[in-house]
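>>> here you go, sequence then predicted model.
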Amino acid sequence: MAGGSIPHFQNDAGHAVIEIGVKEFMCVGANPPFDHPHVFLDMGADSEKVCPYCSTLYRFNGTLKASETRPENCLYVVRAA
């Protein structure tokens, strides 16, 4: 994803599958303080990738924007303290 920032996704709700609109991304697990190491994942030519820490299955959906997920609200946003 050259030229842009890598989106980060979280899975507080424990979804089995999260559809995303990018193939390169970071998984943080749940929101802090319950997160795991923020790991970079790249689907490459595949359309799915499993996070090795939290076992969330991420599935590429080309109709979604980089900041959209299905189900909604799985984009990780850093919140001011």
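Nice, I can see it.

>>> go through the longest strand anywhere in the chain and flag the buried ones.
Counting by DSSP state E, the longest strand found in the chain is strand 35-42. Neighbour-count burial for strand 35-42, counted by 16 or more other CB atoms under 10 Å, picks out Asp35, Leu41. (Glycine included, C-beta is placed from N, CA and C.)

>>> can you check stretch 53-63 too?
Cys54, Thr56, Tyr58, Phe60.

>>> now the strand or helix carrying Tyr58: average pLDDT?
Per DSSP states H and E, Tyr58 falls inside strand 57-60. Strand 57-60 carries an average pLDDT of 98.

>>> including distance to Ile20, could the buried residues of stretch 53-63 go into JSON lines?
Formatted as JSON lines, the buried residues of stretch 53-63 follow (distance: CB to CB, whole Å):
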{"residue": "Cys54", "distance to Ile20": "15"}
{"residue": "Thr56", "distance to Ile20": "10"}
{"residue": "Tyr58", "distance to Ile20": "6"}
{"residue": "Phe60", "distance to Ile20": "7"}
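
>>> what is the burial count for the closest residue to Phe60 other than its chain neighbours?
Closest residue to Phe60 apart from its sequence neighbours, by CB to CB, 6 or more residues apart in numbering: Ser47 at 4.6 Å. Look at Ser47: counted by other CB atoms under 10 Å, it has 12 neighbours.

>>> now do the helices in the protein.
Secondary structure of the chain (DSSP state H): no helices located.

>>> got the CA coordinates for the longest strand of the chain in CSV?
The C-alpha trace of strand 35-42 is given here as CSV (Å, rounded to 0.1, in the frame of the first residue of the first chain):
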residue,chain,number,x,y,z
ASP,A,35,-4.8,-5.8,22.3
HIS,A,36,-2.1,-8.2,21.1
PRO,A,37,1.1,-7.2,19.4
HIS,A,38,0.2,-5.1,16.4
VAL,A,39,1.0,-7.4,13.5
PHE,A,40,1.3,-6.5,9.8
LEU,A,41,-0.5,-8.9,7.5
ASP,A,42,-0.4,-9.1,3.8
